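Q: I would like the atomic coordinates for the input below:
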Amino acid sequence: LDTVRDDPEAVAAMIDNWQWKRNPDEHMIRLSRQQFLSIPPEVIYGDFFACSQFNILDQLPSISAPTLIIGGDSDRMTPFPLSEELATQIPNTQLVKITDAGHKILLEYPRQTADHISQWLETQNFKV
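A: The predicted structure follows:
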């Protein structure tokens, strides 16, 4: 966490290595890095600190809302086995794995992700 405040460039490089699929689009990486570095380090620190402290694992079985979990099999920031674990703990969950997707699944596979969300909403009787 200290590196987030002290060396944002190093954190951006680390995230570049961890958040994308195996062969990412270089243009997308550059844009993402620019956006990341435009955020004040104290804001990024607050985000990372909150993520490091957040833990509601004991509450997952009490979630009653239908749940869709979409994960990428190349996500190294939130590896797919963690998505599988969530799906086993939350009742009434559908789990979707998108092949070759990293942590930035919505940027890497927007159409495929949207299709899965639309299909799931239809099974929940939502009109898309």
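Q: could you use CA atoms for every contact and neighbour count after this?
A: OK.
Q: now the helices: where do they sit in this structure?
A: 2-6, 8-19, 26-38, 41-53, 80-89, 105-108, 110-123 (DSSP state H).
Q: list the buried residues for the fourth one?
A: Of the residues in helix 41-53, those scored as buried under the neighbour-count criterion (16 or more other C-alpha atoms under 10 Å) are Pro41, Ile44, Tyr45.
Q: tell me which other helices or strands that helix touches.
A: Applying 3 or more C-alpha pairs under 8 Å, 6 or more residues apart in numbering; DSSP states H and E, we find helix 41-53 packed against helix 2-6.
Q: circling back: nearest to Gln124, of the buried residues of helix 41-53?
A: Taking C-alpha to C-alpha as the measure, Gln124 lies nearest Ile44 of those, at 35.4 Å.
Q: related to what we said a few turns ago, would you turn the helices of the chain into a markdown table with mean pLDDT and distance to Ile70?
A: Converted to a markdown table, the helices of the chain look like this (pLDDT from 0 to 100; distance: least, C-alpha to C-alpha, whole Å):
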| stretch | mean pLDDT | distance to Ile70 |
| --- | --- | --- |
| helix 2-6 | 84 | 27 |
| helix 8-19 | 84 | 15 |
| helix 26-38 | 87 | 21 |
| helix 41-53 | 91 | 19 |
| helix 80-89 | 96 | 8 |
| helix 105-108 | 90 | 9 |
| helix 110-123 | 95 | 8 |
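Q: turn those helices into CSV, including distance to Gly72.
A: Formatted as CSV, those follow (distance: least, C-alpha to C-alpha, whole Å):
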stretch, distance to Gly72
helix 2-6, 25
helix 8-19, 10
helix 26-38, 17
helix 41-53, 19
helix 80-89, 6
helix 105-108, 7
helix 110-123, 10
